[in-house]
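Student: give me a 3D structure for the following:
(chains A and B)
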Amino acid sequence: MSTTQHATTCTGTEEELIDRIRTLAANYKGKEGSLIQVLHMVQGVYGYLPLHIQQIVAEELDLPLSTVSGVVSFYSFFATKPRGRHTIRVCMGTACYVRGGVSLVESLEKSLGIQAGGTTSDGVFTFEIARCIGSCGLAPAMTIDDTVYPEVKAADLPGILEPWYNDGK
Amino acid sequence: MNIIKNRDELTKLRDTIKSQQSTYKNTIYVCGGAGCVSSHCDEIVKTLTKAVEDSGLSKDIRIVVTGCIGLCAYGPCLVVDPDGVFYGNLTPEKVLAIVDRHLKGGEIAKEFCYYDEDKGDYLPFMKDIGFFSEQVKIALRNCGRVDFASVEDYIANDGYQALAKVIMDMGREKTVQEILDSGLRGRGGAGFPTGIKWQAGMNQPGDQKYMICNADEGDPGAFMDRSVLEGDPHSVIEAMAIAGFVIGANKGYVYVRAEYPIAVERLGNALDQARAAGLLGTNILGTGFEFDIEIRIGAGAFVCGEETALINSIEGKRGEPRQKPPFPFQSGLWNVPTIINNVETLANVPAIILKGAAWFSSYGVGKSRGTKVFALAGDIVNAGIIEIPMGMSLRNVIYKMGGGMKDGKAFKAVQSGGPSGGCLTSDHLDVSVDYESLSAMGAIMGSGGLIAMDENTCLVDTARYFMEFVQDESCGHCVPCRNGTKRMLELLLKITSGRGEMTDLDELADLAVTVGATAMCGLGQTAPNPVLTTLKYFKDEYLAHVVDKKCPAHICKALGTYTIDPEKCRGCTACAKKCPADAITGEVKKPHVISLEKCIKCGACMEACKFDAVAYN
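Tutor: Now for the predicted structure:
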């Protein structure tokens, strides 16, 4: 199961997506402790979790909306704004930090024209800081979706980003 | 795979697979750890498999894709057995040459082996390489030696024998006694004796109990649990079943970070295989014991590594810690008795059961028995995963195993234990690595992240870095952690931006002590450690920032600027080419200039300049 923050992986009209979310969530109604797992799946379908989607999850699971949005806002993996097609995450774990993660962040902010946490206006990239991706031996590291790039230098960035404009091909 | 109905079948299967494996002349272990995956070890496997087939050696050579072999800095890598020849930094071309020369020709392709700077020579055999030779592998015994995707290979290496032994021979009381005698302590950080925890779980009345594996390895700079889960998922499954049997639980959960998709995938596959073989489910090995495991994926919250916060998260709630007592063994998941162990702790269990408490406790020192896995990273040559007997000196770890500092730079500090740990200096290098010695110095063993830092590190900035992390990850449930860490961060930002005053240092120390003493959970209680240790051991650096308004390591950007001396500059353009911010302009062969507005003060120009023309002041 892939758990990274991809943009909408399912296609369909708004109604179809919502239908799918309702069916999916309804399967977990009454099953204790499934809210976070359901939110992971719903985010996989819809790409992010805006308030009207949280409302649907709340209805289907028979939970107060405040409980659902309390959980969504607590965890950093849940997004409430639309995301880019691909997620760039620069690792800022200690090893990456001491080996130059900061200059990667600065270079990316410059070349993408957005701050960390933002999404490019063409909708290709969402750019985030990762706490630690556990590839400390390869510091500084960054990921794009599930691909890890080890020992990245600022000069490598254009070459790394380019294929992703064509979805990594 | 067919259901394994009893211990005899398990043993027979083990012996059959072992004897099949012994018919091969060579076994090649190709590292498939997360690090090597990112450096495309799949291509290495493909090339190797094809070359072996093409050479007609398939009958003689067994290729195994394993978990982390350890030396991440040399990935992708492989080991050729029986001689233990280590090849690193592989490319498909090198693999072809290795097949040709080593496997076909019997001559080691030495120039693709590990190069030892001190000896000035290539060292082909693992037993000669300091990184490997000093290790004792218990928790990592199968990492890099078994196929993580094959329950058969795990069984061939005595897998699930410990579970059978516990259920059929030892029983609950004796198993707990064995774990108590071994001296095994929690490897997740706090170091609580595992046997005492299990005993409490066993003695607690209750029809329903749960066994949880904490795989929420959130410490920045730590990847031990990841390596175990990815490289040897079955040992965690087996240990959970053992613990479940002992405490009387029929259900287990593994709480894994969402940041570890490979670990989730491999653990999921291993669970499917274990179920298919009847090693999980009902009537395990024909004994009537019932146990199954579910994976729960975290959603990005560091505090969920704290056991009560983790419980809330499994229940689908915000991951805020609960007040203790009641402790989880009394009232945990869904308010029933629950035992939580960390991945590495569990990985030790099957080995202890099979080889005995005395064998395990023969390693280590004082109250720290056995081994500890560390993630060695930072400005060090041999970054990777190591497992050492406790009691080894930090110097040995950093210089002998780690190969010393990168690029010939000087050692400055080592940070142990992540945001809950502390920074130690070169004065501490001869100290023994164990729970007691480290905490006596203000650091902790923690989960086992060891980050070595060279002379270019600013320790005030490092303290700020950890405080920013903690402040961001604090769940906000209690005031000391929510507000205290915020104020501490503000003070550190004030100091690193050159506005610090002497009174700020006293206030910082005061706050650190208060937050540590009054926070509700481990996150807040240990959060001040990086600040306290740097204040204690690197006071000079704080004073340089506050009094002289200088950052000796040139990290804190507000303090000082980069300029080019026009007298010394030859206009070689090296600095302009290296500058990531296009802040340097000038014509060829004429002095260049740095735009102070554009400069991000990364220091790349200074490193690039061969004429010593770039100055920082």
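
Student: so, low pLDDT: which residues of chain A?
Tutor: Where chain A drops to pLDDT under 70, the residues are A:1-9, A:168-169.

Student: which phi and psi does the residue of chain A found nearest chain B have?
Tutor: Closest contact between chain A and chain B, by C-beta to the nearest C-beta, is at A:Gly137 (2.6 Å). C-beta: built from backbone N, CA, C; applies to glycine. Torsion angles at A:Gly137 (phi, psi; degrees, to the nearest 10) stand at phi -70, psi -10.

Student: my guess is it contacts B:Ala377. True?
Tutor: Yes - here A:Gly137 reaches B:Ala377: they are 5.8 Å apart, a contact under C-beta atoms under 8 Å.

Student: mutual contacts of the two, please.
Tutor: Residues touching both A:Gly137 and B:Ala377 (C-beta atoms under 8 Å, 6 or more residues apart in numbering or on different chains): A:95, B:383.

Student: quick check: which element contains residue 18?
Tutor: With no chain named, the answer covers chain A. With secondary structure defined by DSSP states H and E, A:Ile18 is part of helix A:14-26.

Student: can you look at chain B instead?
Tutor: helix B:7-21.

Student: how about B:Tyr465?
Tutor: With DSSP H and E as criterion, B:Tyr465 is part of helix B:459-473.

Student: what about the closest residue to the residue of chain A closest to chain B other than its chain neighbours, how many residues nearby?
Tutor: Once flanking residues are discounted, A:Gly137 sits nearest to B:Cys72: 2.6 Å by C-beta to C-beta, 6 or more residues apart in numbering or on different chains. When neighbours are counted by other C-beta atoms under 10 Å in any protein chain shown, B:Cys72 registers 31.

Student: test my guess that B:Cys72 contacts B:Gly33.
Tutor: Yes - the pair B:Cys72 and B:Gly33 passes the contact test of C-beta under 8 Å, sitting 7.0 Å apart.

Student: next up, the contacts around the residue in chain A sticking out farthest from the centre.
Tutor: Within chain A, the residue lying farthest from the chain centre (C-alpha atoms, centre = their mean) is A:Gly30, at 27.6 Å. Counting by C-beta under 8 Å, 6+ apart, A:Gly30 touches A:Asp62.

Student: run the last query once more with 10 Å
Tutor: Residues in contact with A:Gly30 (C-beta atoms under 10 Å, 6 or more residues apart in numbering or on different chains) are A:61-62.

Student: any idea how far it lies from A:Leu61?
Tutor: Plainly put, A:Gly30 is 8 Å away from A:Leu61 if you go by C-beta to C-beta, to the nearest Å.

Student: could you export stretch B:517-534 as PDB, CA atoms only?
Tutor: C-alpha atoms of stretch B:517-534 as PDB (Å, rounded to 0.1, in the frame of the first residue of the first chain):
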ATOM      1  CA  ALA B 517      10.500  19.000  34.900                       C
ATOM      2  CA  THR B 518       6.900  19.900  34.200                       C
ATOM      3  CA  ALA B 519       5.900  18.600  30.700                       C
ATOM      4  CA  MET B 520       3.400  15.800  30.600                       C
ATOM      5  CA  CYS B 521       5.000  13.200  28.300                       C
ATOM      6  CA  GLY B 522       8.500  12.200  27.100                       C
ATOM      7  CA  LEU B 523       8.500  14.600  24.200                       C
ATOM      8  CA  GLY B 524       8.400  17.700  26.400                       C
ATOM      9  CA  GLN B 525      10.400  16.200  29.200                       C
ATOM     10  CA  THR B 526      13.400  15.500  27.000                       C
ATOM     11  CA  ALA B 527      13.000  18.400  24.600                       C
ATOM     12  CA  PRO B 528      15.400  20.700  26.400                       C
ATOM     13  CA  ASN B 529      18.300  18.200  26.300                       C
ATOM     14  CA  PRO B 530      19.900  19.500  23.100                       C
ATOM     15  CA  VAL B 531      19.800  23.100  24.600                       C
ATOM     16  CA  LEU B 532      21.100  22.000  28.000                       C
ATOM     17  CA  THR B 533      24.000  20.000  26.600                       C
ATOM     18  CA  THR B 534      25.100  22.700  24.100                       C
END
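
Student: backbone phi and psi for the closest residue to chain A within chain B, please?
Tutor: The minimum distance from chain B to chain A, using C-beta to the nearest C-beta, falls at B:Cys72 (2.6 Å). For B:Cys72, the backbone dihedrals (degrees, to the nearest 10) come out as phi -60, psi -30.

Student: pLDDT score assigned to it?
Tutor: Per-residue pLDDT puts B:Cys72 at 89.

Student: quick one, what contacts it?
Tutor: B:Cys72 sits next to A:135-139, A:150, B:31, B:33-36, B:38-39, B:88, B:223, B:227, B:375-377, B:382-385 when contact means C-beta under 10 Å, 6+ apart.

Student: A:Ile21 now?
Tutor: A:10, A:38, A:41-43, A:45-46, A:53, A:56-57, A:60 are the contacts of A:Ile21 under C-beta under 10 Å, 6+ apart.

Student: run the angle between the strand or helix carrying A:Ile56 and helix A:14-26 for me.
Tutor: Using DSSP H and E, A:Ile56 sits in helix A:51-61. Taking axes from the mean of the first three to the mean of the last three C-alpha atoms, to 10 degrees, one finds helix A:51-61 and helix A:14-26 inclined to each other by 40 degrees.
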